[in-house]
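Student: Sequence unavailable; structure follows:
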């Protein structure tokens, strides 16, 4: 299964689809309250939210690691291949 990236900003934002699910990951290192942790939203193909919220202790995670945490939270298998992100 392939990750289809629709929006990406290095270390701050990823919007994509994977396994017919919509993923939204974002963090703000300067907001003063989130400690630069990643925020995730994962929805299935019907729009039902599988998981959402802050990824605990994720300030040191890469976007790939945050995506893998979101997969785990949504009980989806992690991808075997990662797209090239520019």
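Tutor: The structure has been received and is ready for your questions. Given the structure is predicted, the values throughout are model-derived calculations rather than measurements.
Student: what's residue 72 sitting at in phi/psi?
Tutor: Torsion angles at residue 72 (phi, psi; degrees, to the nearest 10) stand at phi -60, psi -40.
Student: for the one 3 residues further on, same thing?
Tutor: For residue 75, the backbone dihedrals are phi 60, psi 50 (criterion: degrees, to the nearest 10).
Student: Number of residues surrounding it?
Tutor: Counted by other C-beta atoms under 10 Å, the residues lying close to residue 75 total 9. C-betas here are computed from N, CA, C, even on glycine.
Student: go on, residue 81?
Tutor: Residues contacting residue 81 under the criterion other C-beta under 10 Å number 8.
Student: what's the answer for residue 84, then?
Tutor: 6.
Student: buried ones in stretch 10-29?
Tutor: Within stretch 10-29, the residues scored as buried using 16 or more other C-beta atoms under 10 Å are 14, 16, 17, 18, 19, 21, 22, 23, 24, 25, 26, 27.
Student: What's the end-to-end length of that stretch?
Tutor: This stretch, stretch 10-29, spans 12 Å end to end (C-alpha to C-alpha, to the nearest Å).
Student: mind checking how far it is from the chain centre?
Tutor: Computed by C-alpha atoms, centre = their mean, to the nearest Å, the chain-centroid distance of stretch 10-29 equals 4 Å.
Student: and if you look at stretch 58-74?
Tutor: In terms of C-alpha atoms, centre = their mean, the centre of stretch 58-74 is found 6 Å from the chain centre.
Student: Same check on stretch 69-85?
Tutor: Here the centre of stretch 69-85 is set off from its chain's centre by 8 Å, with C-alpha atoms, centre = their mean.
Student: Enumerate the positions of it that are buried.
Tutor: 69, 70, 71, 74, 76, 79.
Student: quick revisit: just send the buried residues of stretch 10-29 back as a markdown table, with secondary structure, pLDDT and distance to residue 3 too.
Tutor: Compiled in a markdown table, the buried residues of stretch 10-29 are given as follows (DSSP: H, G, I helix; E, B strand; the rest coil; pLDDT from 0 to 100; distance: C-beta to C-beta, whole Å):
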| residue | secondary structure | pLDDT | distance to residue 3 |
| --- | --- | --- | --- |
| 14 | strand | 97 | 9 |
| 16 | strand | 98 | 5 |
| 17 | strand | 98 | 8 |
| 18 | strand | 97 | 5 |
| 19 | coil | 96 | 9 |
| 21 | strand | 98 | 10 |
| 22 | strand | 98 | 12 |
| 23 | strand | 98 | 8 |
| 24 | strand | 98 | 13 |
| 25 | strand | 98 | 12 |
| 26 | strand | 96 | 16 |
| 27 | coil | 94 | 19 |
